[in-house]
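Trainee: requesting a structural model of the entry that follows:
(2 chains)
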Amino acid sequence: MSFKHQLELAVRRAMDSAEIPADCAPMVVRSNRPEFGDFQANGAMAAAKQLKTNPRQLAERICQALAEQLGERADKLEVAGPGFINITLNGAYIGAQFAAPAAATQRNAQTVVVDYSAPNLAKQMHVGHLRSTIIGDAIARVLMHRGDTVIRQNHVGDWGTQFGMLIAELEEQLGSGERAELALADLEQFYQAAKLHFDADPAFADKARAYVVKLQGGDSHCRQLWQQFIDISIAHNVALYRQLGVLLTAADTMPESAYNDQLGDVVATLVNDGIAVEDAGAKVVFIDELADKNGNPSPMIIEKSGGGYLYATTDLAAARYRQQTLRADRVLYFIDARQSLHMKQVFATARRAGFVEPSMQLEHLPFGTMMGADGKPFKTRSGGTVKLADLLSEAIERATALVAEKNRDSDIGADELAEIARKVGIGAVKYADLSKTRTNDYIFDWDSMLSFEGNTAPYLQYAYTRIVSIFRRAGLAIDSFAGAVAIELPQERALALHLLGFEELLEQVARDCYPHLLCNYLYELASLFMSFYEAAPILKEGVTAISKESRLALAMQSAKTLALGLELLGIDTMDRM
RNA sequence: GCGCCCGUAGCUCAGUUGGAUAGAGCAACGGCCUUCUAAGCCGUGGGUCAGGGGUUCGAAUCCUCUCGGGCGUGCCA
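Mentor: Residues are numbered from 1 along each chain as shown, chains lettered A, B, ... in the order given. Got it, this is the predicted structure:
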């Protein structure tokens, strides 16, 4: 049970005493100003509105009952303004929370499918894939930490029309003695070559088109060429995931092609149930829930007039698979905001067709576009897409220069410096993205991101190393340290209260799938620690044994929380930097 | 046309189911290192929350309209 939840229960009991209906929430939040105490309960005013009574008097009644509920746990309770109840907790009570960690809240673990990353295997991964990949990964980590069974699914594109062109090109290059690994060493280059070939040579173009049909018809020669291409492409992606510190492996790949043999059945089922109808030669689902103001239902084509299937068909098959085979309780789709309408269509149709049960949650977690400094989609100077591999290389390069600069006089060896630079560079890229509200577009800017000041990953990593350094200097093992927290200074109180809100925060992140909430929490934690550290000496002369133990305990708790929080974001920490 | 999203300090961004005097970082200015890592800390200045109207004890937040921007909208994914 979270710390705040204990307070909510106490306030709610006090509200019971004041005979306030059970549907009125206690609305306990951290106070935004020191003079308003540690927490404030705002529920009295809403309750008074419902009961048509005086809010101030109602708050007084709750406050009196709350005094009995909290007893010595509160130092001060007062009603302020129109009916705020300000709660100042007893310092010893706050400190005691660290000695006896609250029992974990009983909750039903869910089976959650997390659908993220999903690059197209025809090309190299580019910056457009970054957001889905790292946001999805962070949420997957948070859910796992909270005990859910997480099934990662990388719904890669491996079945589009361009694969005919690509395998025809591969066939030619292999024919001239090239090895597949070498031919495909640079997927972007290979794609360009195939495209040029396709545009310049009509015979090649015809073969490419024929190969699409043969591939999808199961021709073994085409299938074998395709498989070579796919294997190498996935290997490229997995290498990037590893560099990026993302959990996805080849085993998490659940490609579009995996649903190929189910698409006919999906369409047949929808037609038989009268959900899909033929219209202008195509099979279409008309969705009334998504009708516009004039009553025109929203159309979703699931089979082309020529007989081919579309990604809507594949997504429907995937939804059914996740229900019937994976038995998921919840499916999270980390997909670009521009596909919102498509996702709504798929969800509505999947439900109407009974592909998913009403109890299964389908959630589209959209995200905005990464923009350049000019406010337009992030591109290279020449206007091309920025390859993910290049982006990461540049981040490490810039971090290497900075780390070298900062450690001019340090005794840290070259290997360790390189490792620090890698963690700082990759962490900065990931954090810059994760710390922005998921649903908004955001401006990607090297200078602000790699200035490594303010709300950045290096600031958090630095805070962590400072704490580790304290323990190293004190000759204490941080992992096994245990000590009593005794609150004295306001900075200690603020830090302690913030630390006690971690569990609650993770609950919110798991529910809403907004990693920036975790970033904001960690940034505030690091800031509070820094202020605490300035104000509260730990290893210096004249610090009493009780203070020292308490401050070490707070520092240890801060380090643990920072390390865990960063790990859940997929960002590495180090012992020194 | 219709639909979805966005508009908060010079810049980049927070702002909880509606809560008290809207907060950070960067940039600017002023302090703090012979003492636990200065990638840090403390302080100052900076706002018509795009605009109008409404709901109420209370609105950046909810409703409505206007302006401005982005995206989507039947045979790509």
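Trainee: count the residues that sit near A:Ala551.
Mentor: Not quite, residue A:551 is Arg, not Ala. As a burial measure, A:Arg551 scores 25 neighbours (other CB atoms under 10 Å). Placement of C-beta: from N, CA and C, glycine included.
Trainee: how about the strands in chain A?
Mentor: Applying DSSP state E to chain A gives strands spanning A:28-30, A:39-41, A:74-80, A:84-89, A:111-115, A:149-153, A:276-279, A:282-287, A:298-303, A:330-333, A:361-364, A:370-371, A:442-443.
Trainee: make JSON lines out of those and add mean pLDDT, distance to A:Tyr462 and mean neighbour count.
Mentor: Listed next are those as JSON lines, based on pLDDT from 0 to 100; distance: least, CB to CB, whole Å; neighbours: other CB atoms under 10 Å:
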{"stretch": "strand A:28-30", "mean pLDDT": "94", "distance to A:Tyr462": "25", "mean neighbour count": "16"}
{"stretch": "strand A:39-41", "mean pLDDT": "96", "distance to A:Tyr462": "30", "mean neighbour count": "23"}
{"stretch": "strand A:74-80", "mean pLDDT": "95", "distance to A:Tyr462": "35", "mean neighbour count": "17"}
{"stretch": "strand A:84-89", "mean pLDDT": "96", "distance to A:Tyr462": "31", "mean neighbour count": "22"}
{"stretch": "strand A:111-115", "mean pLDDT": "98", "distance to A:Tyr462": "31", "mean neighbour count": "24"}
{"stretch": "strand A:149-153", "mean pLDDT": "98", "distance to A:Tyr462": "31", "mean neighbour count": "20"}
{"stretch": "strand A:276-279", "mean pLDDT": "97", "distance to A:Tyr462": "57", "mean neighbour count": "15"}
{"stretch": "strand A:282-287", "mean pLDDT": "97", "distance to A:Tyr462": "51", "mean neighbour count": "20"}
{"stretch": "strand A:298-303", "mean pLDDT": "97", "distance to A:Tyr462": "50", "mean neighbour count": "20"}
{"stretch": "strand A:330-333", "mean pLDDT": "98", "distance to A:Tyr462": "32", "mean neighbour count": "23"}
{"stretch": "strand A:361-364", "mean pLDDT": "97", "distance to A:Tyr462": "35", "mean neighbour count": "17"}
{"stretch": "strand A:370-371", "mean pLDDT": "93", "distance to A:Tyr462": "26", "mean neighbour count": "18"}
{"stretch": "strand A:442-443", "mean pLDDT": "90", "distance to A:Tyr462": "23", "mean neighbour count": "17"}
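Trainee: same list (those) but as TSV, adding distance to A:Ala395.
Mentor: Shown next, in TSV, are these (distance: least, CB to CB, whole Å):
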stretch	distance to A:Ala395
strand A:28-30	35
strand A:39-41	40
strand A:74-80	48
strand A:84-89	43
strand A:111-115	25
strand A:149-153	24
strand A:276-279	47
strand A:282-287	43
strand A:298-303	40
strand A:330-333	27
strand A:361-364	29
strand A:370-371	14
strand A:442-443	16
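Trainee: contacts for stretch A:60-80?
Mentor: A:10-11, A:13-15, A:17-18, A:20, A:36-37, A:41, A:43-44, A:56, A:59, A:85-91, A:93 (CB atoms under 8 Å, 6 or more residues apart in numbering).
Trainee: can you tell me which of those are buried?
Mentor: A:10-11, A:13-15, A:18, A:20, A:36-37, A:41, A:43-44, A:56, A:59, A:85-91 (16 or more other CB atoms under 10 Å).
Trainee: near RNA strand B, which residues of the stretch 351-500 of chain A? Just list them.
Mentor: Within the stretch 351-500 of chain A, the residues that sit near RNA strand B (CB under 7 Å from any atom of the strand) are A:369, A:371, A:375, A:402-403, A:406-407, A:420, A:424, A:435-437, A:439-443, A:445, A:448, A:451-455, A:458-459, A:462, A:465-466, A:468-470, A:473.
Trainee: can you do 6 Å?
Mentor: A:402-403, A:406, A:424, A:436-437, A:439-440, A:442-443, A:448, A:451-455, A:458-459, A:462, A:465-466, A:469-470, A:473 (CB under 6 Å from any atom of the strand).
Trainee: can you tell me which of these are in helices?
Mentor: Counting by DSSP state H, the part of those found in helices is A:402-403, A:406, A:424, A:448, A:458-459, A:462, A:465-466, A:469-470, A:473.
Trainee: tell me which two of those residues sit farthest apart.
Mentor: A:Ser448 and A:Arg473 (32.9 Å; CB to CB).
Trainee: which one of the two has more residues nearby?
Mentor: The neighbour comparison of A:Ser448 against A:Arg473 (other CB under 10 Å) goes to A:Ser448, with 15 against 10.
Trainee: residues contacting the more buried one?
Mentor: A:Ala432.
Trainee: residues in contact with stretch A:342-349?
Mentor: Under the criterion CB under 8 Å, 6+ apart, residues A:270, A:275, A:285, A:287, A:289-290, A:298, A:300, A:311-312, A:315-316, A:319, A:333, A:335, A:355, A:362, A:364, A:366 lie in contact with stretch A:342-349.
Trainee: try 6 Å
Mentor: A:285, A:287, A:289-290, A:300, A:315, A:362, A:364 (CB atoms under 6 Å, 6 or more residues apart in numbering).
Trainee: so what's the residue in the stretch 301-450 of chain A that RNA strand B sits nearest to closest to, chain neighbours aside?
Mentor: RNA strand B sits closest to A:Thr437 of the stretch 301-450 of chain A, with a gap of 2.6 Å, by CB to the nearest atom of the strand. Counting by CB to CB, 6 or more residues apart in numbering, A:His516 is the residue found nearest to A:Thr437 once chain neighbours are left out, at 5.4 Å.
Trainee: again, but for A:Asp329
Mentor: Closest to A:Asp329 by CB to CB, 6+ apart is A:Gln110, at 4.0 Å.
Trainee: looking at the stretch 451-577 of chain A, which residue is nearest RNA strand B?
Mentor: Closest point on the stretch 451-577 of chain A to RNA strand B, by CB to the nearest atom of the strand, is A:Gly454, at 1.9 Å.
Trainee: how close does that residue sit to A:Ala428?
Mentor: According to CB to CB, to the nearest Å, A:Gly454 and A:Ala428 sit 12 Å apart.
Trainee: repeat that for A:Glu397.
Mentor: For A:Glu397 relative to A:Ala428 (CB to CB), the value is 12 Å.
Trainee: for A:Ile20, same thing?
Mentor: 49 Å.
Trainee: now A:Thr53
Mentor: In terms of CB to CB, A:Thr53 sits 54 Å off from A:Ala428.
Trainee: then A:Val331?
Mentor: 31 Å.
Trainee: ok, now A:Asp572?
Mentor: From A:Asp572 to A:Ala428 the distance is 12 Å (CB to CB).
Trainee: who's more crowded, these two?
Mentor: A:Ala428 (26 against 19).
Trainee: I'd say the more buried one and A:Ala457 touch.
Mentor: Yes - counting by CB atoms under 6 Å, A:Ala457 is a contact partner of A:Ala428 at 5.1 Å.
Trainee: now A:Glu503: closest residue in space that isn't a chain neighbour?
Mentor: Nearest one to A:Glu503, counting by CB to CB, 6+ apart, is A:Ser2 at 4.6 Å.
Trainee: same deal with A:His126?
Mentor: A:Thr385 is the one closest to A:His126 (CB to CB, 6+ apart), at 4.3 Å.
Trainee: give me the phi and psi for the one you found.
Mentor: The phi/psi pair for A:Thr385 (degrees, to the nearest 10) reads phi -70, psi 150.
Trainee: report how many residues lie close to it.
Mentor: 16.
Trainee: can you give me the pLDDT of it?
Mentor: In this prediction, A:Thr385 carries a pLDDT score of 89.
Trainee: same deal with A:Ala103?
Mentor: pLDDT, A:Ala103: 56.
Trainee: coming back round to it: quick one: the residue nearest to A:Asp329 from A:Leu402, how far?
Mentor: Distance from A:Gln110 to A:Leu402, by CB to CB: 42 Å.
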